[in-house]
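>>> Below is the structure, and that's it, no one-letter string:
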């Protein structure tokens, strides 16, 4: 055979299924259990004292085990954000209207920001320093989105290290 094919196969489509079991581990397991009670927890590093949310079981900076569970928030501060124009669904599998805002939110007492959707005000009114609180939907394991608290904006110096 000369290696030349008149109709070479260029694409093959085949159904695939991946079944797996995920075990969150001690630190994340406790965090998930707290979320069931609508509490947000992290773990404090015994060395640098930073509180990681969600907890990782070890401090990524100091490389030491974290065991002290700390409740944070539930309120927090928007540290940075972006306006998203791609359709998405929320935790309840309902469509989210576009555009929407996705933000980094530094929960009160946390040592870094987590991600969350901002709702309850027009996209062009979201800003760094905006104080927000979680909104939980029935049966959800985590907040559906965050909304403004009505508090004055946080001063930049209070969250600049969390950018």
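Perfect, I can see it now. What you see is a predicted model; the values in this text were computed from it and never measured. Numbering: from 1, shown residues only.

>>> And the strands in this protein?
40-44, 51-52, 68-72, 76-84, 88-89, 95-96, 100-107, 114-118, 131-135, 145-148 (DSSP state E).

>>> Please name every helix or strand in contact with the last one.
In other words, strand 145-148. strand 114-118, strand 131-135 (3 or more CB pairs under 8 Å, 6 or more residues apart in numbering; DSSP states H and E). Every C-beta, even on glycine, is put in place using the N, C-alpha and C of the backbone.

>>> how close does residue 79 get to residue 129?
8 Å (CB to CB, to the nearest Å).

>>> quick one: common contacting residues for the two?
Common neighbours of residue 79 and residue 129 are listed as residue 159 (criterion: CB atoms under 8 Å, 6 or more residues apart in numbering).

>>> More neighbours: those two, which one.
Using other CB atoms under 10 Å as the criterion, residue 79 and residue 129 rank with residue 79 on top: 22 against 14.

>>> and the more buried one, what does it touch?
103, 104, 105, 106, 113, 128, 159, 162, 163.

>>> Highest neighbour count among the residues you listed?
Going by other CB under 10 Å, residue 105 tops the contacts of residue 79 with 29 neighbours.

>>> got a pLDDT number for the closest residue to it other than its chain neighbours?
Spatial nearest neighbour of residue 105, chain neighbours left out: residue 76 (4.4 Å); criterion: CB to CB, 6 or more residues apart in numbering. Note for residue 76: predicted pLDDT of 98.

>>> Count the neighbours of residue 76 for me.
Neighbours around residue 76, by other CB under 10 Å: 30.

>>> Also residue 66?
Neighbour tally, residue 66, other CB under 10 Å: 23.

>>> Then residue 31?
23.

>>> what's the answer for residue 127, then?
Count around residue 127 with other CB under 10 Å applied: 10.

>>> How is this structure divided into domains?
The chain breaks down into these domains under the TED database: 23-72, 74-162.

>>> So for residue 6, which of those sits nearest?
For these, proximity to residue 6 was assessed by CB to CB; domain 74-162 is nearest, at 41.5 Å.

>>> Would you mind measuring the gap between the ends of the closest one?
17 Å (CA to CA, to the nearest Å).

>>> Could you tell me which strands sit next to the helix or strand of the chain with the lowest mean pLDDT in the sheet, and their orientation?
Across the helices and strands of the chain, the lowest-confidence element by mean pLDDT, DSSP states H and E is strand 88-89, at a mean of 85. When pairing is defined by DSSP bridges, strand 88-89 lines up against strand 95-96 (antiparallel).
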